[in-house]
Each structure stands twice: as C-alpha cells, then as structure tokens.
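In: quick one: sequence and predicted model below, then my questions.
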Amino acid sequence: MLTLVICSMGVFLGIIGWSMLSSSNGVMAAGSFVNPHSGNAATTDTCAACHRTHDGQASDIVKTTAPQQTLCMSCHDGTGANSNVQAEFSGATANNATTGLYYQHPTMDASSLNHTSGQTDEFAGVRNRHAECTDCHNPHQLNLTLAAAPSPTGWSASGDQLGTAGVTNAATPAWINPLSQEYQLCLKCHSRYTVLKDDSGITDPRYKSFDKAAELDGTGSFHPITQQGKNQTAVLQANLQNGRLWHFSTTDTVRCVNCHGNKLLVNYSATMALNSPAKDARLAPHGSTNRSILIANYNDVVGTQMSSWNENNFALCFLCHDPGVFDRTSNNTNFNRHQLHAGELRFVCAECHYRVHSTTSAYYSQNVGFDRLINFAPDVTGSGGAQPLWSLTNRTCTLTCHGENHSGFSYSGAGGGSTPTPTPTGTRTPTPTATPTPVPIAFRAAAASNNGSGGTTITMTRPTGVQNGDVLIMAVTVHVANGASINTPSGWTRLGSRLTTSDSTLQQAIYWRIASSEPQSYNVTFSVNPLRASGVIAAVSGASGAQPTSSEYRGQANSSSLTVSTPGLGTWTAVDGIDLFFGGMAYGGNTPAPPSSYTQPSNGFSSSGSGSGGTETEVAYKALTSVATVGALTETWSGTAAVNIGHHVFVSR
C-alpha cells in the first residue's frame, strides 16, 4: 500500500504520481506520470483522489459538491493534471441560448444537474439537454491513447473516450456501450436519437439544430466523418495536400474535432507549422471564442461583402484546404472562380456552401443532395421566384446573388482537373492535309451606344465588319438604384460584373459571344427603371471562336476619382492576344484617356446624360504577343471625379 501524501488541495499526490514544484506558487507538475483514472483494483487507494467514503459531498460519494465539473477541475485547472481543461472553458465566450449561439459545452449551468451517469442512457427520445464531464469521459477507464489513423468508416475512439457510451449512425440510431468510433459520442446528443434543442425562438437559420446522423448518412454531399467522401478527383487530392495545418487525402475520413475543437491549440497564420497540433491530437471541444466551438475562425455572415480579402476570415476551411485558389497562386480547384467570388468580389464561402456538414440539411429543398457541398444561403434567390439551382453536369447556375442575375450562367471552361484522353475511333491512316496558316489575331472594331436620358433598355449596336467566328465582348455601364441588376441579353454569356461598394450607384457588366450571322443590334434590359446606361461592344478577329474564361477576366470597382483602375491578369507565355480595357464612370461629360500604350478605337466611347446622373463607357485595346505580362492598369479621365469601374478582358486563341 502506498503512503498517502495529502496537500492543501486534498489531492493524494503520492497515489497519483505527481510531485510539487519548488516554486512558491505551489503549482504541480507532472513527474513520472501515473494515470489516476486507472488501477482501480480492490486494494488500491487511488479511489480517494475523487471519492470520500464517510463524507462524500455529492452523488457517487465524490469529495466536492455538484456540479460534477467542480470535482474534475480540482485537478484539471492547471494546478494538478497536466492538461488545463479549466482554461478552455474560462477562455470561451458565454453561451446565448436565446440566439442559439453556443461557444462551450454547458458543464456548469443548471442543466448539468440533470446528469446521473455516463453509463446510463439519459437521452433516448427525450429532451434532456446537458453535458457533464462523464457524458463524454469514463473516468475509471480513460487513458492517453490518441485516436487511431483514419479508416474508411471514421476515426476510432481515443483513450479519452475509452469505456464511454455513444450512438451508432445506423438507419435507426442505437445506444452502444462502449462506443468504437469517435463520432458516435457526438451523435448521443446531436442526432435524432434524442430530442434536439428547441429552435422555435431562433430567427437566424445559421443557428438551427440538425440531425447529424442524417447529415452524415451518405446522402448528397458531406464532409467525410462516417465514410469516405464522394469527390475523389485528383484536383481535390492536390487541394488537400496544401492545407495550412493538416494534409488529408480524398480517401481519408476526418474527425468532428478537426472543426469543433480546442482553439487554444491552433494559432492560425499563413506560416503556421504543419501538423502542429497533429490531426490525431487531443483536440477536445470543451470551449472556444468561436461560435459552435469551432477550432478556428469562420466568417459565415451572408448577404454582405467583406471590406477586403483576408484568408483569416476562413481559417477553419484553410486548415485542410488550399488557400492559394483564392489569390491565384494555385490551380487546385475544380471551380476556378473561387478567386473571383471571394478574392475579388469579397463574398463569403457560405453564400454557396451554406450548411457544410451535408447538403441533406440545405436551406432550399431543391439544393438537398447537391454535389460538392453546394447549397445556397437564404439571400441567394432563384429566377422568377424559384429556388436557386446549380448543375455539376452542365456547369451552370440559375440564381440571383448580390443583385447579379446568373440565369443559366455557364461555367464551361472552369476546372483545373485533367483533360480526358480522347478514345481512338479507328485505325485507318488519314490522308495528310496541309496545315493552314492561322489568321493573325487582331482588334476588328468597336461600337458604343447609350440610352439617352434613361429607360428600361439600352440597344447595343453591332460593330461594323463583324465576321462569323469573331469574339464579341460587351460592356454595359448603368447608373443604378440600389438593388438593380443588369439582365443578361439573349445569346450572350456573362463573364462578371462589378458594383461600386461605397454607394452602390454604378454597375458594369461584361458579356461575350461568338459571332454567327449577327443581328444589327442587341437589347439589354434592367430590373429597375428608368436607368441611364451606356456601353460598348468590341470585336476581335482571328481568335478562332475561343471562349473567354475567368482567368482572362478581372474587374475592380473604385471610389470617387478620375482614375479608373483594374487588377492585373498575370503573365501569359507564347500566347498572342488582344487585351481589352473597359472603363465606366458615374458621370456624364467626362473625357477618357486610355492607359499607356493602349489605343482607343473609333466609336469606342459613349456617354448617357450629363453630370452626376449620367454614365460613360469606353474601351481601349493593346495587342500582346509571345511572352507578355498583363499587369494592373490605370487610366486618367478629365472632368469631374466620380465612382468608377474598370475591367480587363484578354482575348486569345
């Protein structure tokens, strides 16, 4: 029998293997560690570390009064055990049940008194919402074993959950004691096995409760907790190998605690150390300063634009995913407009990935089951009152987001994946034919238009001399009322648009089409009227009908100034092309001057109205050959300063 050494804290140090530091504050440090939660044979004295035979203060004759956390924190507060769990709770933001904002498991509130034993099923079919320490841990069996490596059916439980009960992810969830998979612990409280919290008074749909067993049952698309994910593309594999903290594989499963965990362990930065903490570390979700006990920051405030792009707003995502796809330093994405939507337009990830456990709980019923975790936020609406839609097969969006009408918008050419190898169709040797000499790519002509004093439509004139196969690029600039949108004209495809952020008074949209028996003009309509509008169409020959892609397009809204600016497009190697610069000004009567070395063509400028109620649009171009860097551009107008917008479109074959 060990000799008992009793300190003022009432912890039996000789029993549990701890020794006192020589420092005056009396803080304990781990010596030769002996687990105080094991070795509970009939002849042991370790029971006395927590229990009192004659003067127990609460149920189970423990030495402290209820709630149970009081007992656990007598050691796990940084003065006894070598894990300071108390700091995880005390450093967390307080819960707000009224709004549905939860930052910590409520081990110290009144609900904790509903707990009797973690070995007893207290949750089946009832709303007995509480979280005590022994709901997640069995203090008589747990040890320091880390979670096992990911398997196709989820991560095995770590020593922290040894001997603990959970709930299976079966069609009918069932109590299991002891659990075998780590996620089974979470399903005990966060699935249809129990009765979820009352959300009737919660107005923000982000904070509603959902059945995690249903979200993780393999329907639709999902984060791979209980099974491998459906997206097994080489592009996603490359993306996952460039996360800031952890590198997973497309065949891996992940842990709940890789998102909901101990924030004190993760200090996010672009230069953070890889795998520190490791993905199998003890990441317990006791508390956080981030809502939903998130292990890192995540901005999901939809319906607004961020003031600037900052990857720290989505630190949670970039623990595993490649942030380079948002600043064009990486092409590891199956959708190459992430940079446009978030990096340039400054919209949050949640606009398109609103609920990220699974699309099973999508806000819109017609988004349930969408691939790639696409499910739209409430501020994204469908066309004509319908629900917003997206198709992976057709690469199209049919919706309106931030006033931008995406009806049938095609993302053909978006990718980053591998190009499939053509299948041979026969063995006959073809008759050699001479290779034709390509027609040089060139700027053909421009045609500028306006709608005078305003109206519901602007009629855009076709440039003269247009031939079939020419690439036509249209810019339309509208002096808008807040909430107005420019409707995509029939037969054209929208590349993108910009709206001035300071006052939402100017919008410029860019469209393209390949010429084929063109009409004399095209009508562009607006959702709010009357509006003053101007625009210009540029025709480029010799591009062999090449379709512009998002990598060949950039735009920028600028505050009130006579300088119109656009971001750069990067370096193009061995590619001939025409770089088009479009400028738009919220003023009638100014005069544009093209960027240095760019040419403003005949009929390349138009103005609608005069003064602050008018708009102006112009185009300038430059031919680029071989190796060329398409950098940021600026042009200076003469006249009166106003909010303005600049766009780049690089047309190449």
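Out: Looks like it arrived, so ask away.
In: how close does Gln467 get to Ala557?
Out: Between Gln467 and Ala557 the distance, using CB to CB, to the nearest Å, works out to 34 Å. To be clear about C-beta, it is placed using only N, CA and C from the backbone, and glycine gets the same treatment.
In: so for these two, which residue has more residues nearby?
Out: Looking at Gln467 and Ala557 with other CB atoms under 10 Å, you find the greater number of neighbours at Ala557, namely 22 against 13.
In: quick check: that one is in a strand.
Out: Yes. With the criterion set as DSSP: H, G, I helix; E, B strand; the rest coil, the secondary structure at Ala557 is a strand.
In: does it touch Gly496 like I think?
Out: No. Ala557 lies out of contact with Gly496 (CB atoms under 8 Å); the separation is 11.6 Å.
In: find the nearest non-adjacent residue to Thr464, please.
Out: With sequence-adjacent residues excluded and distances taken as CB to CB, 6 or more residues apart in numbering, Thr464 is closest to Ala445, at 5.4 Å.
In: who are the neighbours in contact with Ala445?
Out: Counting by CB atoms under 8 Å, 6 or more residues apart in numbering, Ala445 touches Pro463, Thr464, Gly465, Val466, Ala538, Ala539, Pro601, Ser602, Asn603.
In: dump the residues you listed to a markdown table, plus distance to Leu472 and secondary structure.
Out: A markdown table is the format used below for the contacts of Ala445 (distance: CB to CB, whole Å; DSSP: H, G, I helix; E, B strand; the rest coil):
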| residue | distance to Leu472 | secondary structure |
| --- | --- | --- |
| Pro463 | 8 | coil |
| Thr464 | 13 | coil |
| Gly465 | 12 | coil |
| Val466 | 7 | coil |
| Ala538 | 7 | strand |
| Ala539 | 6 | strand |
| Pro601 | 14 | coil |
| Ser602 | 17 | coil |
| Asn603 | 14 | coil |
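In: kindly indicate which of those lies nearest Asp199.
Out: Using CB to CB, Ala538 is the member of the contacts of Ala445 that sits closest to Asp199, with 52.9 Å.
In: tell me the contacts of that closest one?
Out: Applying CB under 8 Å, 6+ apart, we find Ala538 in contact with Phe443, Ala445, Ala446, Pro463, Leu472, Ile473, Met474, Leu580, Pro601, Gly604, Val619, Tyr621.
In: how near is it to Tyr621?
Out: Ala538 is 7 Å from Tyr621, where distance means CB to CB.
In: where do the contact lists of those two overlap?
Out: Phe443, Leu580, Pro601.
In: neighbour-wise, which one of those leads?
Out: Highest neighbour count within the shared contacts of Ala538 and Tyr621: Leu580, with 27 neighbours (other CB under 10 Å).
In: from what I can see it touches Ile473, true?
Out: Yes. Taking contact to mean CB under 8 Å, the distance of 5.8 Å between Leu580 and Ile473 places them in contact.
In: which secondary structure elements does the helix or strand hosting Gln507 contact?
Out: Secondary-structure assignment from DSSP states H and E places Gln507 in strand 506-514. If contacts are counted by 3 or more CB pairs under 8 Å, 6 or more residues apart in numbering; DSSP states H and E, strand 506-514 sits against strand 471-479, strand 493-499, strand 553-561, strand 577-585, strand 642-652.
In: in the third one, which residues are buried?
Out: Same thing as strand 553-561. Buried positions in strand 553-561, judged by neighbour count with 16 or more other CB atoms under 10 Å: Tyr553, Arg554, Gly555, Gln556, Ala557, Asn558.
In: list the contacts of Ala321.
Out: Quick fix: residue 321 is His, not Ala. Applying CB under 8 Å, 6+ apart, we find His321 in contact with Asn239, Leu240, Asn242, Gly243.
In: same thing with Ser485?
Out: Listed by CB under 8 Å, 6+ apart, the contact partners of Ser485 are Thr400, Gly403, Glu404, Asn405, Gln507, Phe526, Ser527, Val528.
In: let's check: the centremost residue of this protein is which one?
Out: The centroid of the chain falls nearest to Cys349 when counting by CA atoms, centre = their mean (3.2 Å).
In: wait, doesn't that one sit right on Ala342?
Out: Yes. If you go by CB under 8 Å, Cys349 and Ala342 touch, sitting 6.7 Å apart.
In: sorry, back to before: between Leu580 and Ile473, which contacts overlap?
Out: Shared contacts of Leu580 and Ile473 (CB under 8 Å, 6+ apart): Ala538, Val540, Val649, Val651.
In: Tyr298: which of the residues you listed is nearest?
Out: When the shared contacts of Leu580 and Ile473 are compared for distance to Tyr298 (CB to CB), Val649 wins out at 33.8 Å.
In: quickly note the distance from the closest one to Gln547.
Out: Going from Val649 to Gln547 by CB to CB gives 12 Å.
In: if you count what's nearby, which of the two comes out ahead?
Out: It is Val649, of Val649 and Gln547, that has more neighbours when counted by other CB under 10 Å, with 28 against 16.
In: quick one, what contacts the closest residue to the more buried one other than its chain neighbours?
Out: Take Val649 and drop its neighbours on the chain: the residue closest to it by CB to CB, 6+ apart is Leu580, 4.6 Å away. Leu580 makes contact with Ile473, Ala538, Val540, Val619, Ala620, Tyr621, His648, Val649, Phe650, Val651 under the criterion CB under 8 Å, 6+ apart.
In: tell me how far Val478 lies from Val524.
Out: Here Val478 is placed at a distance of 9 Å from Val524 (CB to CB).
In: neighbour count winner among these two?
Out: Neighbours per residue (other CB under 10 Å) separate Val478 from Val524, with Val478 holding more: 31 against 23.
In: output the below-cut-off pLDDT ranges for the stretch 551-653 of the chain.
Out: Screening the stretch 551-653 of the chain residue by residue with the criterion pLDDT under 70, one finds the ranges 551, 571-575, 626-628, 653.
In: repeat for the stretch 301-450 of the chain
Out: 408, 410-439.
In: ok, 80 please
Out: Low-confidence segments of the stretch 301-450 of the chain, defined by pLDDT under 80, span residues 327-328, 336, 339-340, 343-345, 383-385, 402-440.
In: for it, just list every one of the strands.
Out: Under the criterion DSSP state E, counting those that start in this stretch, the stretch 301-450 of the chain contains strands at 389-391, 396-398, 400-401, 404-405, 409-410, 442-450.
In: quick check: Asp211 touching Thr194?
Out: No. Counting by CB under 8 Å, Asp211 sits too far from Thr194 to count as a contact (9.8 Å).
In: higher neighbour count, the two?
Out: Between Asp211 and Thr194, Thr194 has the larger neighbour count (other CB under 10 Å), namely 22 against 19.
In: mind listing what the more buried one touches?
Out: So Thr194 contacts Phe123, Ala124, Gly125, Val126, Arg127, Asn128, Lys188 (CB under 8 Å, 6+ apart).
In: let's see 6 Å
Out: Taking CB atoms under 6 Å, 6 or more residues apart in numbering, we find Thr194 in contact with Phe123.
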